[in-house]
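Participant: Starting from these lines, generate the structure:
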Amino acid sequence: MKARKVRGLKPGEPLRANAARIVATRLDELRGFAEEALEPGAWNAQHEMRIAAKRLRYVLEIMAACLGPEAEHGREVAKELQGVLGEIHDCDVMGPRAEGIESVQALLRTRRELLHARFRDLWLATEMQSALSALEARVA
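Facilitator: Numbering: from 1, shown residues only. You can find the predicted model right below:
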């Protein structure tokens, strides 16, 4: 998936204004995958959400200093989200490679189910949503 284009960037404006536009776009991108990614078998949406979390995390690593403490907390949340979605993706990639080895495939299916439950709990947690909402408010 290509990253969404950030609209309204103005090279002559202060960094904070442009950083806010970038972060708002990346947050919107991340949230856009959530509903589908919460479905257990939605491997493509989960992978795309992982990429969106990575983009948000990286922009926050660069821009946190000009966006305040909400950006640092948002970066931590994006990193955690990226991690669990990455582990789910690892299971998806390894499954076909273990074709014919039922014990390994069963292990990967079980691991994926557990990781998806962890992802679901993480995404729906009040702390996660509060952190993203605070970041959203900061860049609005």
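Participant: what about G95, neighbour count?
Facilitator: 15 (other C-beta atoms under 10 Å). In this view, the C-beta of every residue, glycine as well, is placed from N, C-alpha and C.
Participant: do the same with the one 5 residues further on
Facilitator: Here the count is done by other C-beta under 10 Å, and G100 has 6 residues near it.
Participant: Begin at 4, not 1, for the rest of this chat.
Facilitator: I'll keep to 4 as the first residue from here, and by that count the last item is G103.
Participant: phi, psi of P17?
Facilitator: Taking degrees, to the nearest 10, you get phi -60, psi 150 for the backbone angles of P17.
Participant: residue contacts, the residue nearest the centre of the chain?
Facilitator: When C-alpha atoms, centre = their mean is applied to the chain, the residue found nearest the centroid is A56 (2.4 Å). A56 is in contact with L33, A81, K82, L84, Q85, L88, counting by C-beta atoms under 8 Å, 6 or more residues apart in numbering.
Participant: Where does the residue nearest to it when sequence neighbours are not counted fall, secondary structure wise?
Facilitator: Closest residue to A56 apart from its sequence neighbours, by C-beta to C-beta, 6 or more residues apart in numbering: Q85 at 4.1 Å. Using DSSP states H and E, Q85 sits in helix 72-100.
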